[in-house]
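In: what shape does this take:
(chains A and B)
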Protein chains: 2
Amino acid sequence: MESQLSLFYGLSFLTAALAFAFAVYLYLWVKKRRIENKKILEVSALIKEGANTFMRREYKILAIFAGVAAVVIFVLLPSPVWKGDIVQNISMTVAYILGTALSAVAGKIGILVATLSNGRAAEGAQKGIKPAFLIGFRGGAVMGLLVVGCSLLGVAAVLLIAGDATILLGFSFGASSLALFAKAGGGIFTKTADVSADLTGKVELGIPEDDPRNPAVIADNVGDNVGDVAGMGADLFDSNVAAMASALVIAQSLTGGFANISMVFCYAILGLLASIIGIATARVGKHGNPTRALNSSTYVTTAVYLVLTALATVIFEGFSWRIWGASAIGLLVGVIIGITTDYFTDDSKPIVRKVAHASGSGPAFTVLSGVSYGFISALPAMVGIAVSALVAYKLCEPMGAGYAIFGISMAAVGMLSIVGMIISNDAYGPIVDNARGLAEMGGLGEETIRTADELDSAGNTVKAVTKGFSISAAGLTVISLLGAFMSEANAALAAAGKPLITGFDIMSPTVFFGILVGAVIPAVFSAMLILGVDKNAQRMVSEIHRQFNTIKGLREGTAKPEYGKCIDIATSGALRELIPAGLMTIIATLVVGFIGGPMAIGGFLLGNIVSGLLLALFMSNSGGLWDNSKKYVEAGNEGGKGSEAHKAAVIGDTVGDPFKDTAGPSINTQITVVSLVSSLVSSLFVAFSLFG
Amino acid sequence: MESQLSLFYGLSFLTAALAFAFAVYLYLWVKKRRIENKKILEVSALIKEGANTFMRREYKILAIFAGVAAVVIFVLLPSPVWKGDIVQNISMTVAYILGTALSAVAGKIGILVATLSNGRAAEGAQKGIKPAFLIGFRGGAVMGLLVVGCSLLGVAAVLLIAGDATILLGFSFGASSLALFAKAGGGIFTKTADVSADLTGKVELGIPEDDPRNPAVIADNVGDNVGDVAGMGADLFDSNVAAMASALVIAQSLTGGFANISMVFCYAILGLLASIIGIATARVGKHGNPTRALNSSTYVTTAVYLVLTALATVIFEGFSWRIWGASAIGLLVGVIIGITTDYFTDDSKPIVRKVAHASGSGPAFTVLSGVSYGFISALPAMVGIAVSALVAYKLCEPMGAGYAIFGISMAAVGMLSIVGMIISNDAYGPIVDNARGLAEMGGLGEETIRTADELDSAGNTVKAVTKGFSISAAGLTVISLLGAFMSEANAALAAAGKPLITGFDIMSPTVFFGILVGAVIPAVFSAMLILGVDKNAQRMVSEIHRQFNTIKGLREGTAKPEYGKCIDIATSGALRELIPAGLMTIIATLVVGFIGGPMAIGGFLLGNIVSGLLLALFMSNSGGLWDNSKKYVEAGNEGGKGSEAHKAAVIGDTVGDPFKDTAGPSINTQITVVSLVSSLVSSLFVAFSLFG
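Out: So this is what the prediction gives:
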């Protein structure tokens, strides 16, 4: 069995290398497209520079944070350095730093390619949907391949070198602490710019979206990249690593562990291969529908994955059909959640139209109906996650003690197996969104803008779907992280000679205490992020007013605005606002742990997962719903542009912006961070707590 | 010990009788005030008639529902009639019917007095704050005394006659099924009328609130009564009964049960006495502040209660200081929650002003900041409930097995002990709100309207506080209902010869499945109610448009509108919309129970409680916050009436209306109903379930 495992280590490195090679090929393919238009060249350089500025400053702050965290980890984890094995502490620290570094690299390169692709996609749109789609999609795929390649490479390398899956928690924590900042920081940045640009441009001055006279327009385009490309990439890198790490921590504790560890790697490898095939075959017909193209590649990936993993189960010794079933159920439920999310957010379906219709009675009804359908939209995903966890558990339970939870973690691995494809679809969105802006600013004409619009609308729909998918995957992952937490806490309890935890009973008052406190954290976290956008947008709006009042000729288009100032405000504000929110969650975890001990933390994680999932689904879906309702009205329905319904729909969209792009998708990272902090610090909670 | 218990039975009846006598005295006192103004007489007769129409039709539907439920209960509960003891089934059925009947009677009489008091309070306002305050408060107090008297009387009578606390669950279910309909139905009614009246009157026609030309104006005033008086009364009757019932079910299962049963009754009796004292001493100075008067009576009640229960602990054999402590902590946390709620919703505090300020940037910011602060406002209450449950548990744990949960149930009883006072404060609100409308319609002049406005504003602030209080009390109650569910399920398991439940472990997949599904139910339930208001308001708006278009002279005030038509629409729509929402929750409970058995239901209840508390607090508080922000702007701040900030604040208020008066406060009833259904049906879940 050990030789089998060595084979899979080898294959992991090989597949990661293949993914990188394919990414390089796609990068060169995109780079070969030429940009002729001077204006586009100029603006896309500005966007690139702005994105780099943000990333540089963000990474500088993160480096400080990571440095402090690395010291704390070295001193305290997995056990206080003066008590335990110093080699373990060094491994944990190095793994942590590697986790942050790989996430940062993937994000950085993703941004690089995205800002390379946007202008090329704009020019491509002059020749039609087909070439523009390919540029957008392949640019996004570079990010997708990198993220999955890095996670596979990193997990395999850390486990191979450290020889202990617990160290993976450090790696995963590195990925997830970076993701928290990247997602939340990028989310605040992008919505600050978006909201300010809309408020001053569309509402006050009546100039079109993406008009180059608007000082916030470059910041808005930069935001798409730092929020949706880098942020989303970091988020899914985090989920993917966490899913693998928790599966491996549990696999390690099982009897017959080697075959199980092999299975985790094998499934991850096959998921990456399936994604490569899906990406390679993605194409749109000459007059084809880009949404359909994106969806059908996802289905291809899913089918290929299921077939390959079934084959692997036949071929390899010690592989189990039960585990295959668990992983398949996870993936299928993920796809179903994607489809139901689409039902609530696609403008060809009834819900978006109902909200658009309600807008005719005024903005209060836009908000009320969007909130209501957003709440209802959480139902299929919550039930889906519940059912997949239940089925995976029951399926794997007969395999022996501990296998049931392993089944759930493999359902999460299954759901995340197609993540390479998912990220490609997702990163496609901001690229074509930027392309639309560049087409407008470059004056490429009505026809091209229409083509870009069509590509953009497909990006929006697919984005809602991938968000539902990634939230659900995070949900399943953290369930298995709960299992990982329990095994970590038990290791610490055993070392301290205390009785082990066999479960977290709701009727225990410390568990219950943890649950109630844990449940309110995602709400407070979301509120802090939304208020952060709010405050930051107010700063930027004042700056825009200042520019219009003091720069002569700006209104007439004869003078240029100072784009950099707006980028500066978005950058520093985003970083200033996200730190309290991030710290709040970590401090709350520590307070609960030191009050109630590991039992309270078990409850805390549960409460956090449950309300976090509910709020994340609600906010992402209602945000997508409002966005597309606005687009539906703008397409000439319910009175079209300029009508009362349109005004109301714009207000709904503005409410939805920080819901869907700041708070909603940051919650899953928040959940993962809290879970990992708990696992890492479990030995401290065992040693010191008030009621524990 | 049995003789001690007999004493408390006797005292329970005596105190209930005292409460009724005091209620009659207050009723006669209010009735003696005269109404001189013809117009007020006429309109208040219309309001009374409208309220009676609604109540009659609602009770007719409820009678059908209760009849069906009674048959089901008779056949199946506490155990299938063909298996168990038929006398038990008859007792359960009778207890259920008694629960619905007492709740209905209390609601009906409350409405009667409220509609009697509104006109008198309006005329009283001509003579100043002092007399008007007393009329409003004493009218509300009749309802408060009746509700608490009925619950004490009912619980004591049922337990005395049936001799088994399990039968009390039937009584409690009667109260809570009625409350679900009364609160949700009344909530839909009142907001349908309120929103439609505002939209057509204030927004479209620019006529003032409560203008008699508006066909919806009477329906709006009726709504205050049926939603806030009858609905809130039924809700708190339900919580109070549920708290006592679950404490008694647990007390019965304890060794040394008699003294514990005595304690439950003793505490309830002393709470009612303390409320009577608080009500009798409530007074406002000539130029005094009505908010302060309401609050200080609450503090008087709290202090009296704590002293009396301490004395009882000294005097009576078998009473325990630990239990006293648990009950005191419940009450104190309740008061603290009230104070923090006040911080988030009072317009003399910073949060309301911040939201008002944000409105200056447009309605999207009103909504976003309100949502954010609403989320944050849930923190103190959730932590407060968590802490009080933890402390009560730890305090009572040393008393022996089962006492810890009993401690939590006594914390709930403690929190609800001052409910008589709370309801009086709460019912005061709609009475003075109506009085303001009547003063306007009766042309009583600027000065009187200003006085009525001041009384109304106090009502709004206090209403937010009592809502936070009642939600938290429901939270603590359902925790003890979870304990009650476990003892019921164990009784059934023991009878079936199956292993007993010792707790609900989060790591069990059936429990986890239940948690996720349970957590999404309050969200879907709220959404259905909000959409119900939405649909119903659209119907009423069309009717109002029809009247303005077809009735000649209506616009000029020379012809009368057809008020009855609007009342009809509100009534039939409310009843039509609430039934699916109510059924959905009951069906979801049954589906989860028959899939996952008692373990899944344990999880389901937990998920339901946790997300229900979070959403209820969020919606009630954000709604109150928006309402008072609007009032703050209307008082001349941020540009005052007619400014952009005002328009935005009005939109926020409209969003908040169904949040705070329909969905938010209905959620606690929904939670109680689900808990009681689970306890009642537990034996069926034990007998048949897929994975259980």
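
In: so for the helix or strand that contains A:Ala259, mean pLDDT?
Out: Assigning secondary structure by DSSP states H and E places A:Ala259 in helix A:257-281. For helix A:257-281, mean pLDDT rounds to 90.

In: can you check stretch A:409-423 too?
Out: On average, stretch A:409-423 scores 89.

In: and whatever helix or strand A:Tyr59 lives in, what other elements does it pack with?
Out: Using DSSP H and E, the element containing A:Tyr59 is helix A:38-76. Helix A:38-76 is packed against helix A:86-124, helix A:166-197, helix A:217-223, helix A:419-441, helix A:563-634, helix A:664-687, with contacts defined by 3 or more Cβ pairs under 8 Å, 6 or more residues apart in numbering or on different chains; DSSP states H and E. Every residue, glycine included, has its C-beta placed from N, CA and C.

In: nearest to B:Val68 among those would be which one?
Out: Evaluated with Cβ to Cβ, the helices and strands packed on helix A:38-76 place helix A:563-634 nearest to B:Val68, the distance being 32.3 Å.

In: hmm, that closest one in reach of chain B?
Out: Yes - contact of helix A:563-634 with chain B (Cβ under 8 Å from any Cβ of the partner chain) involves A:596, A:602-603, A:606-607, A:610-611, A:613-614, A:618.

In: assumed A:Leu379 was part of a helix.
Out: Yes - according to DSSP: H, G, I helix; E, B strand; the rest coil, A:Leu379 belongs to a helix.

In: which pLDDT value belongs to it?
Out: 95.

In: distance of it relative to B:Val524?
Out: Per Cβ to Cβ, to the nearest Å, A:Leu379 is found 6 Å from B:Val524.

In: residues contacting the residue nearest to A:Ser526 when sequence neighbours are not counted?
Out: Once flanking residues are discounted, A:Ser526 sits nearest to A:Ala663: 3.8 Å by Cβ to Cβ, 6 or more residues apart in numbering or on different chains. Taking Cβ atoms under 8 Å, 6 or more residues apart in numbering or on different chains, we find A:Ala663 in contact with A:187, A:525-527, A:529-530, A:615, A:619.

In: can you pick the most crowded of the residues you listed?
Out: Most neighbours among those, by other Cβ atoms under 10 Å in any protein chain shown: A:Gly187, with 33 neighbours.

In: interface residues of the stretch 51-200 of chain A facing chain B?
Out: So the stretch 51-200 of chain A meets chain B at A:195, A:199 (Cβ under 8 Å from any Cβ).

In: nearest to chain B: which residue in the stretch 51-200 of chain A?
Out: A:Leu199 (7.1 Å; Cβ to the nearest Cβ).

In: around that residue, count how many other residues there are.
Out: When neighbours are counted by other Cβ under 10 Å, A:Leu199 comes out with 23.

In: number of nearby residues for the residue nearest to it when sequence neighbours are not counted?
Out: Distances taken as Cβ to Cβ, 6+ apart place A:Val541 nearest to A:Leu199, at 6.0 Å, with adjacent residues excluded. Neighbour count of A:Val541, defined by other Cβ under 10 Å: 20.

In: just checking, A:Val541 touches A:Ala197?
Out: No - counting by Cβ atoms under 8 Å, A:Val541 stays clear of A:Ala197, with 9.6 Å between them.

In: contacts only, for the residue lying farthest from the centre of chain A.
Out: Centroid-distance maximum for chain A: A:Lys552 at 42.1 Å, with Cα atoms, centre = their mean. Neighbour list for A:Lys552: A:Ala559 [criterion: Cβ under 8 Å, 6+ apart].

In: now it, what's its secondary structure?
Out: Recorded secondary structure, A:Lys552: coil (three-state DSSP).

In: could you measure from A:Leu615 over to A:Leu46?
Out: As defined by Cβ to Cβ, A:Leu615 lies at a distance of 36 Å from A:Leu46.

In: circling back: pipe the helices and strands packed on helix A:38-76 into TSV and attach distance to B:Ala312 per row.
Out: Formatted as TSV, these follow (distance: least, Cβ to Cβ, whole Å):
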stretch	distance to B:Ala312
helix A:86-124	58
helix A:166-197	53
helix A:217-223	64
helix A:419-441	63
helix A:563-634	32
helix A:664-687	41
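
In: out of those, which is closest to A:Pro398?
Out: Using Cβ to Cβ as the measure, helix A:563-634 is the one of the helices and strands packed on helix A:38-76 that comes nearest A:Pro398, at 25.4 Å.

In: quick revisit: now do the buried residues in the helix holding A:Ala259.
Out: By neighbour count with 16 or more other Cβ atoms under 10 Å in any protein chain shown, helix A:257-281 contains the buried residues A:257-279.

In: for it, packing partners?
Out: In terms of contacts (3+ Cβ pairs under 8 Å, 6+ apart), helix A:257-281 is packed against helix A:2-32, helix A:129-162, helix A:232-253, helix A:290-315, helix A:321-345, helix A:403-416, helix A:419-441.

In: count the neighbours of A:Leu28 for me.
Out: What A:Leu28 shows, counting by other Cβ under 10 Å, is a neighbour count of 9.

In: one more: A:Gly636?
Out: A:Gly636 is flanked by 10 other residues according to other Cβ under 10 Å.

In: sec struct for it, please.
Out: With three-state DSSP as the basis, A:Gly636 sits in coil.

In: how about it, phi and psi?
Out: Here is the backbone geometry of A:Gly636 (degrees, to the nearest 10): phi 110, psi 10.

In: return the distance of A:Asp224 relative to A:Gly231.
Out: From A:Asp224 across to A:Gly231, the span is 10 Å (Cβ to Cβ).

In: okay, and the common contacts of the two?
Out: Common neighbours of A:Asp224 and A:Gly231, using Cβ under 8 Å, 6+ apart, are A:Thr190.

In: looking at the two, which is more packed in?
Out: Remark: of A:Asp224 and A:Gly231, A:Gly231 carries more neighbours, 31 against 27, as counted by other Cβ under 10 Å.

In: still on that earlier bit, who touches the residue nearest to A:Leu199 in this structure?
Out: By Cβ under 8 Å, 6+ apart, the contact list for A:Val541 reads A:196, A:199-200, B:361.

In: still on that earlier bit, return the item of the residues of helix A:563-634 next to chain B having minimum pLDDT.
Out: Among the residues of helix A:563-634 next to chain B, A:Gly596 has the lowest pLDDT, at 90.

In: ok, that residue - how many residues close by?
Out: Counted with other Cβ under 10 Å, the burial measure for A:Gly596 works out to 28 neighbours.

In: touching, it and A:Thr510? I think so.
Out: Yes - A:Gly596 is in contact with A:Thr510 according to Cβ under 8 Å; the separation is 4.1 Å.

In: any idea how far chain B is from A:Met263?
Out: Remark: distance between A:Met263 and chain B (Cβ to the nearest Cβ, to the nearest Å) = 20 Å.

In: so where does the residue in the stretch 551-692 of chain A that chain B sits nearest to fall, helix or strand?
Out: The nearest approach of the stretch 551-692 of chain A to chain B comes at A:Thr654, 3.6 Å away (Cβ to the nearest Cβ). According to DSSP H and E, A:Thr654 maps onto helix A:644-658.

In: so for that helix, mean pLDDT?
Out: Helix A:644-658 shows a mean pLDDT of 92.

In: compute the inter-axis angle for it and helix A:563-634.
Out: Comparing the axes of helix A:644-658 and helix A:563-634 via axes from the mean of the first three to the mean of the last three Cα atoms, to 10 degrees yields an angle of 130 degrees.
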